[in-house]
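Colleague: what's the 3D shape of this:
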Amino acid sequence: MPDDARDAAEEESAFSHPPVDPDTTAAYGDHPDQVIDFYAPRGVEDLVPLVVVLHGGAWRAPYDRRHITPFADFLARRGFAVANVEYRRGSTIPAQGGEGPVAGRWPDTFDDVAAALDALPGLVREILPQADPRRMVVTGHSAGGQLALWAAARHLLPADAPWHTDRPAPLRGVVALAPIADFAVARKLDVCFGAALQLLGGEGKFADRQPYADPALLLPTGIATTLVQGRRDTVVPEAVAEAYADAAAKSGEVVGLTLLEDVGHFPLIDPAADACAVVAEEISQLAW
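Modeller: Numbers count the residues shown, from 1 in each chain. Model (predicted):
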C-alpha cells in the first residue's frame, strides 16, 4: 500500500471509534479547557497505577481531548486509572504562511499542563480512590508527547521559569508516543507545518523560549522514559524521537526507544491496532 493511502487508512481507523464519556470530570482552573476527565479502572477494586494522558493535535484548537478518549478507555479496560487532561491550545486564527490554525498559546499551554499535574494528586484522592498517585505514569501522543516529556523535566527548567520545580515530579515514568521531542529537528523537518515554531511565538521568540519548552534541552530528567515510535510515521518522523534519544545519551541518561515496523502515526492511540497493545505494555512496565 502506498504511504499516503496507508496513512489515511490508519488515521481513519483511529478516528472511527466513538468518543467515550468519562466517569467524572473535574476542573483544575477557571477556563473551560482547564479540566481533567477521569476513567475508573474496569473490573478492579484494589489500588492501581494512574496513567495521565496528554492528547496531541499539534497544540492546535480544533484537536481536543475527545479524540483520545477511546485510548483512555482502552487503558481503563486494561486495569489502569486514567486522567485525560485538557489544556488551552492555539487560537482558531490561521497561522501566517502556515496551514491551519496557530499551534499553542504561550504561556497558557504550559501553564495548564503544569497546573493540571500539580492538582492531580489532590483530585485523585477525592474523585478516583482506586488510583494510586504514587504510581503515576504520564503518556502523551505527538504534541502531547512533548508535553509529557516536558512535565517530567520541570525541575530542569531555567530558574526563572514559572513552571520550575525544586525536585523531580513524583512519576514512575513517561511513555511518549511519536513525540515532538526535539524542536530543532522538528523545525528543520517542518513537522506539522511549523507547529513547534508557532508554539514558541515565531521566529523572533523561538531561540529565547526554546530552553523553556524543548524536551531535548531538558536532560537528564532522572525519570524512567520510553519513546514509542512508528518507523513509517510521516507526521512526526522517526528522526525526531531518535534525536531526543541521542540527546539523552549524551547527557548520560538511557532512554528506551521502541520502534515499530510498518506503523505510522495514529495506530499508537488506536485501540483496534496492535501498536496500541504495545503502548499499554510499555506503560505497564513502568507503572507496576
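Colleague: Okay, Gly257 and Glu238: tell me how far apart.
Modeller: Let me fix one detail, which is that residue 257 is Leu and not Gly. Separation of Leu257 from Glu238 (Cβ to Cβ, to the nearest Å): 9 Å. Using the backbone N, CA and C atoms, a C-beta is placed for each residue, glycine as well.
Colleague: next one: Ala131
Modeller: Here Ala131 is placed at a distance of 33 Å from Glu238 (Cβ to Cβ).
Colleague: Show me which of the two is the more surrounded one.
Modeller: Between Ala131 and Glu238, Ala131 has the larger neighbour count (other Cβ atoms under 10 Å), namely 27 against 18.
Colleague: which other residues reach stretch 266-278?
Modeller: 10-11, 13-17, 68, 70-71, 73-74, 141, 177-178, 228, 230, 258, 260, 263, 279 (Cβ atoms under 8 Å, 6 or more residues apart in numbering).
Colleague: PyMOL command for the buried members of these?
Modeller: Here is the PyMOL command that selects only those of those that count as buried (16 or more other Cβ atoms under 10 Å):
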select buried, resi 10+11+14+17+68+70+71+73+74+141+177+178+228+230+258+260+263+279
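Colleague: Mutual contacts of Leu257 and Glu238, please.
Modeller: Listed contacts common to Leu257 and Glu238 are Gln229; contacts here mean Cβ under 8 Å, 6+ apart.
Colleague: For the residue nearest to Trp288 when sequence neighbours are not counted, give the beta-bridge partners.
Modeller: Distances taken as Cβ to Cβ, 6 or more residues apart in numbering put Pro49 closest to Trp288, at 6.6 Å, once the chain neighbours are dropped. Beta bridges link Pro49 to Asp132 when assigned by DSSP bridges.
Colleague: Distance of Pro49 relative to Gly201?
Modeller: For Pro49 relative to Gly201 (Cβ to Cβ), the value is 36 Å.
Colleague: So those two - more neighbours on which side?
Modeller: Pro49 (24 against 16).
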